[in-house]
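Novice: From the sequence below, what's the structure:
(one chain, ligands or ions: 3)
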Amino acid sequence: MALLTIILGILVIALVAACLYLTQHRGVVESFGIPYIKPFLIFGSPPFAFHKINYQDWMIGQCKKLGRTWGRYDGINPTIVSIDPEFIKQVTVKQFDSFTDTFDFHTPDDSTTLDISQGDTWRALRKMLSPTFTTGKMKSMLEPMEAIAERTVDYIEEKVKNNSTIDVKPILQGFTLDTIAKCAFGLETKAYKGEDDQFAKTAYDVFNQFRADTWTNVLFFNIVSHFPVISRFFNLWPESAMKIREMTTQIMNERDKNNVEVGDFIDRLREHKANVEPPVTPPMIDAQGIVFLTAGFETTATTLGHMCYLLAKNPDAQEALYEEIMRVCDSSAKIDHETIKDMHLLEGAFNETLRIRPPVTEHDRLCTKDCVVEGIKIPKGTRIQLPNLPAHIDEEFFPDPFAFKPERFLKENAHQITPFTWRPFGSGNRVCIAQRFATTEVLIFMAKLLSRFRILDSPSTKLNYFRGDLFLLSHSEMNIKFELRA
Ligand SMILES: *[C@@H]1O[C@H](CO)[C@@H](O)[C@H](O)[C@H]1NC(C)=O
Ligand SMILES: *[C@@H]1O[C@H](CO)[C@@H](O)[C@H](O)[C@H]1NC(C)=O
Ligand SMILES: *[C@@H]1O[C@H](CO)[C@@H](O)[C@H](O)[C@H]1NC(C)=O
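Specialist: Residues are numbered from 1 along each chain as shown. Ligands and ions are numbered 1, 2, ... in the order given. Next up is the predicted model:
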C-alpha cells in the first residue's frame, strides 16, 4: 500500500512538473498583440502530424488567414512568423545584434557548421570563410565547373539517343555533387552517371534525416520541440554528416603531408587551420566541410530540376533564353563564366525559378536580446520564422504571381520589386555565403543545356514533392523530354 502511494505520488509530481515545463512560456505569444494560433492543451500550437499535411501549403494558408505577421507556439517556443518586408529588414539587418543566431542548438565544436553557429563564433567563422567566395578566389573553381557541366550535358545527349524522355533528377544531383566534390574537396567523382555511390549516398543521407515523413520521425520532431532540452543530448548532424567531416580532415592531412596546393575550399580551410584564433577551434574548421556539401548539393540540383520544369511549361520564355544565348555566343564565344555575365534574361529566369520554387523555404532567427520590432516587444528566446514561399506568391509583391516572367528581374523592372520580399538565399547579414557560386553553377549548366536542346513538356513532366519536408521544396523525379537542336 505504502509503495503504491509512493509510486502514484511520483507519477503525479512528474506529471505536474511536465505540465509546468510545457506551459512555462504561456502568455508570451498572447502579449505580442498579433493574430496567433492557440496552443492545444498543454502542448504547442497545431499542426503536429507533419507527415499528413503539406507544410508549405499550410504555411501559405496561414499567412492568407492571419496576415503577414503572426504568432504560434512551436512546441514550447514562442514563435513569430513573418513575411512583412519591414519586419524582416529589422530582424536580419537593422537590429541584427538582437538576432545573431538561427537556432538554439548547442553543438560540440566538431559539428558547429557556419549555418547553425552562434554569436561571436558565427562572426569569426563568417569572416574567415567569406573570402573563399570572392571573385578572385572563386576563379580556380570555375574551369573545373565548366568542364563538369559540359560532360554532364554530353551524357544527357547520349541518354537521349535511347529515349527522348529521361528522369534528369539523378543526373542533376550527380552534376552538383561532382561540382562540389571537385571545387570544394578536390575529388574527381563521376556521380553524374551513377558512379561513386558511397560518396553520393552519404550526401543524400544527410538530407533524408531531416524529413518528417513517418510517424516515428514526426514524434521525434514533436518531442524535441516540446522538450528542447533533449536536443543537447543528441548530435544534430547525423552519422553521414560526421563521415563528411572525417573526409574533410583526411583530405587536409594528406595534403599537409604531401605539401599539395590546389587552390580549392579545402586549401582555404588549411590556411585557417594553421593559425586559428578563438572562438574558432581546429575541430570547427573540419566541420565546415559538412555545410559546403549539404548546402551546395540538393538545393542546386532541385533548382536545376525546377528550372527545366518551368521552361518545359513555358516554351516562349525558353525560346527567348535560347535567342539570348545565341546572341551572346554568336561567333566563336564559348559558354563560360565570362559569357554568362551577359545573359541577363537567363539570370532573370534563374531568379524567377527561385521565386516560384525556392528550394529552401524559410530562414530562421532566434532573438538573443530583448528588443522591440515594429511595435512588438520581443523577449530573448523567441523564435523568428521567415518563410519565403508565401511572400514569393503574394500578389501585392509579385503581380500575377504564378506566371513565369523572367523579365520581372531585369534591370529596367527590378525597381518594382520591394526589397526583402524575394529571399531564396535568405537575407541580411546571414544571407547565403555561396550565392554567387550557386548562381554561376546554374547559369553555366543551363546555358550549355539550352544551347543544345529544346526542353519539351511531356505527360510525365510532373512535380512530386516529398512529404514531410519542413524546410525544403525537394522533388523526387523530373521527367523531361529533350529535342536536340539542329
Ligand atoms: C541505351 O540503351 C542500351 C540498350 O538498352 C544500353 O545498353 C545503354 O547503356 C543505354 N545508354 C545509356 C546512355 O543509357
Ligand atoms: C522513356 O522513359 C520514360 C521515362 O523514364 C518512360 O516513361 C518511357 O516508357 C520510356 N520509353 C521507352 C520507349 O522506353
Ligand atoms: C537576380 O537576383 C540577384 C540577387 O538579388 C541580383 O543581383 C540580380 O541582379 C538579379 N538579376 C537578374 C537579371 O534578374
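
Novice: In this structure Leu410 contacts Leu346, no?
Specialist: No - using CB atoms under 8 Å as the test, Leu410 is too far from Leu346 to be in contact (11.1 Å). Bear in mind the C-beta positions are built from the backbone N, C-alpha and C, glycine included.

Novice: now the helices: where do they sit in the stretch 51-200 of the chain?
Specialist: Applying DSSP state H, counting those that start in this stretch to the stretch 51-200 of the chain gives helices spanning 55-66, 85-89, 119-129, 135-162, 169-185, 197-208.

Novice: Can you say which of those is packed in most?
Specialist: Comparing the helices of the stretch 51-200 of the chain by mean neighbour count (mean count of other CB atoms under 10 Å), helix 169-185 comes out on top with a mean of 24.

Novice: Whether that one contacts ligand 1 - can you check?
Specialist: No - Helix 169-185 lies apart from ligand 1 when judged by CB under 6 Å from any ligand atom; the minimum separation is 10.5 Å.

Novice: Specify the angle between that helix and helix 197-208 in degrees.
Specialist: 100 degrees (axes from the mean of the first three to the mean of the last three CA atoms, to 10 degrees).

Novice: could we number from 30 for the rest of this?
Specialist: All right, first residue 30 from here; so that's helix 198-214.

Novice: could you check the angle helix 164-191 makes with helix 198-214?
Specialist: Counting by the same axes, to 10 degrees, helix 198-214 lies at 150 degrees to helix 164-191.

Novice: Just list what helix 198-214 packs against, helices and strands only.
Specialist: For helix 198-214, the packing partners by 3 or more CB pairs under 8 Å, 6 or more residues apart in numbering; DSSP states H and E come out as helix 164-191, helix 226-237, helix 268-287, helix 294-303, helix 311-342, helix 464-481.

Novice: Test my guess that Lys67 contacts Gly73.
Specialist: No - in this structure, Lys67 is not within contact of Gly73 by CB under 8 Å, at 10.1 Å.

Novice: Show me which of the two is the more surrounded one.
Specialist: Gly73 (24 against 10; other CB atoms under 10 Å).

Novice: Excluding sequence neighbours, find me the nearest residue to that one.
Specialist: Spatial nearest neighbour of Gly73, chain neighbours left out: Tyr102 (4.0 Å); criterion: CB to CB, 6 or more residues apart in numbering.

Novice: gap between that neighbour and ligand 3?
Specialist: Using CB to the nearest ligand atom, to the nearest Å, we find Tyr102 at a distance of 34 Å from ligand 3.

Novice: was I right about that residue contacting Ser74?
Specialist: Yes - using CB under 8 Å, Tyr102 is in contact with Ser74, at 4.7 Å.

Novice: Quick check: neighbours shared by the two?
Specialist: Listed as contacting both Tyr102 and Ser74 by CB atoms under 8 Å, 6 or more residues apart in numbering are 66, 68.

Novice: So for the two, which sits in the more crowded spot?
Specialist: Tyr102 (27 against 17).

Novice: Quick check: residues of the chain near ligand 1?
Specialist: When proximity is defined as CB under 6 Å from any ligand atom, the chain approaches ligand 1 at 187-188, 191.

Novice: Return the residues in contact with the residue lying closest to Cys396 once chain neighbours are set aside.
Specialist: Leaving aside its sequence neighbours, Cys396 sits nearest to Thr411 (CB to CB, 6+ apart; 4.2 Å). By CB under 8 Å, 6+ apart, the contact set of Thr411 is 57, 106-109, 395-396.

Novice: For His301, the count of nearby residues, please.
Specialist: His301 sits with 20 neighbouring residues when counted by other CB under 10 Å.

Novice: Report the contact partners of it.
Specialist: Neighbours of His301 in contact, by CB under 8 Å, 6+ apart: 157, 309, 314.

Novice: before we move on, back to that, any of the contacts of Thr411 buried? List them.
Specialist: Among those, the ones that count as buried by 16 or more other CB atoms under 10 Å are 57, 106-109, 395-396.

Novice: Show me which pair in these is furthest apart.
Specialist: Using CB to CB, those span at most 14.0 Å, a distance reached by Val57 and Leu395.

Novice: Buried residues, the host helix or strand of Val58. List them.
Specialist: Per DSSP states H and E, Val58 falls inside helix 57-60. Using 16+ other CB under 10 Å as the test for burial, helix 57-60 gives 57-58.

Novice: What is the nearest of the buried ones among the contacts of Thr411 to Val258?
Specialist: Asn106 (11.8 Å).
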